[in-house]
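Asker: Can you look at this prediction? I've put the sequence above it.
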Amino acid sequence: MRRRKKKHDDDHMDESWLIPYADLLTLLLALFIVLYASSSVDAQKFKELSQVFSEIFTGGTGMMEYPSPVAPQQSSDQEEKQASSSANEEEKQISKEEIDKQAFLKDQEELKEIQKKINEYIKTNHLEVQFITKLTDEGLLLTIRDNVLFDSGSATVQGSDLSVAGELSELLVMNPPRNIIISGHTDNVPIRNAEFDSNWELSVMRAVNFMKIILDNPELDPKWFSAKGFGEFEPIADNGTAEGRGQNRRVEVLILPRVTE
């Protein structure tokens, strides 16, 4: 007997097509959101867009939860604050430069006053040939010809000039004090005697001995003084003439500025 086939129940329609249809609608919705947002992207819309995508695709944290690819525009308040801060920095820089400039000019005026006092002493004692002052980039320079203080080939200050050194020390009393460098210089004529083997040694000892006499003044603090010897290696005139060699044999007192430019 031939078995009868069961009749399929065709009363209900196949609804499997609804799944891809729903996915398509979801994608279309996402597309319209993107098109809307892309017309004017800002931080708020991007945040809303990220939230929508997160809810649609994952229901939570999603791939759109990243910092905005377009930097949010700064508010006018922020821009004003930055501009104000930049202006303040420029004002501070200008102010510091102006303060430094004024301090330098004031220091130079003080050195000129010291030079004026020394020049008055030189003029009063008729020492214009032996003493010379000059305001340089390094400070106030007082040059003393060696024959004022020393015998030829000697580093001992002559007795007759001890008073000159003492009076000069009074002019070096300053408040507040300044650094002072005393240096010795010679000509290029070789020297060799029982006391010195070279002009360099002679120049060093002349500077040291002169500094010792200056520091006999109790109002001067030794910590502000130093001595150097340059021998024949920093001439200021031609050693080929007697006059030039006489200018090169000297002791220099350099009064340093407190403020440099």
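Answerer: Perfect, thanks for sending it.

Asker: Only C-alpha atoms from now on, for both contacts and neighbour counts.
Answerer: OK.

Asker: which helices and strands does the host helix or strand of Q115 pack with?
Answerer: If you go by DSSP states H and E, Q115 is part of helix 76-124. Here helix 76-124 touches strand 131-136, strand 139-145, helix 162-171, going by 3 or more C-alpha pairs under 8 Å, 6 or more residues apart in numbering; DSSP states H and E.

Asker: Repeat the analysis, applying 7 Å as the threshold.
Answerer: For helix 76-124, the contact count by 3 or more C-alpha pairs under 7 Å, 6 or more residues apart in numbering; DSSP states H and E identifies no helix or strand as a packing neighbour.

Asker: gap between it and the chain center?
Answerer: When distances are taken as C-alpha atoms, centre = their mean, to the nearest Å, helix 76-124 is centred 15 Å away from the chain's centroid.

Asker: just the angle between that helix and strand 139-145, please?
Answerer: 20 degrees (axes from the mean of the first three to the mean of the last three C-alpha atoms, to 10 degrees).

Asker: quick one: average pLDDT of helix 76-124?
Answerer: Per-residue pLDDT over helix 76-124 has a mean of 84.

Asker: repeat for stretch 176-188
Answerer: For stretch 176-188, mean pLDDT is 96.

Asker: how long is that stretch from one end to the other?
Answerer: Using C-alpha to C-alpha, to the nearest Å, the end-to-end distance of stretch 176-188 comes to 38 Å.

Asker: What residues of that stretch count as buried?
Answerer: Buried residues in stretch 176-188, counted by 16 or more other C-alpha atoms under 10 Å: 178, 180-188.

Asker: and that stretch, how far from the chain's centre?
Answerer: 27 Å.

Asker: who's in contact with it?
Answerer: Stretch 176-188 is contacted from outside by 199, 203-204, 206-207, 211, 224-232, 239, 245, 248-256, 258, using C-alpha atoms under 7 Å, 6 or more residues apart in numbering.

Asker: how does the chain divide into domains?
Answerer: 19-58, 102-255 (automatic domain parsing).

Asker: Low-confidence ranges, this protein, go.
Answerer: Applying pLDDT under 70 to the chain picks out residues 1-18, 36-50, 52-77, 83, 87.

Asker: Which of the buried residues of stretch 176-188 fall within strands?
Answerer: 180-185 (DSSP state E).

Asker: Taking the residues you listed together, which two end up most distant?
Answerer: By the measure C-alpha to C-alpha, I180 and H185 form the most distant pair in these, at 16.4 Å.

Asker: just to revisit the earlier point, can you tell me which of the contacts of stretch 176-188 end up in helices?
Answerer: Counting by DSSP state H, these place 199, 203-204, 206-207, 211, 245, 248 in helices.

Asker: Return the most buried member of the domains of the chain.
Answerer: Most buried of the domains of the chain, by mean neighbour count (mean count of other C-alpha atoms under 10 Å): domain 102-255, with a mean of 17.

Asker: What is the end-to-end distance of that domain?
Answerer: One end of domain 102-255 sits 20 Å from the other (C-alpha to C-alpha).

Asker: roughly how far out does that domain sit from the chain middle?
Answerer: Chain-centre distance of domain 102-255: 32 Å, with C-alpha atoms, centre = their mean.

Asker: so how far is whichever strand or helix holds Y21 off the chain centroid?
Answerer: The secondary structure element spanning Y21 is helix 18-38 (assigned by DSSP H and E). Computed by C-alpha atoms, centre = their mean, the chain-centroid distance of helix 18-38 equals 63 Å.

Asker: Number the residues from 17 up from this point.
Answerer: New numbering, starting at 17: the last item is helix 34-54.
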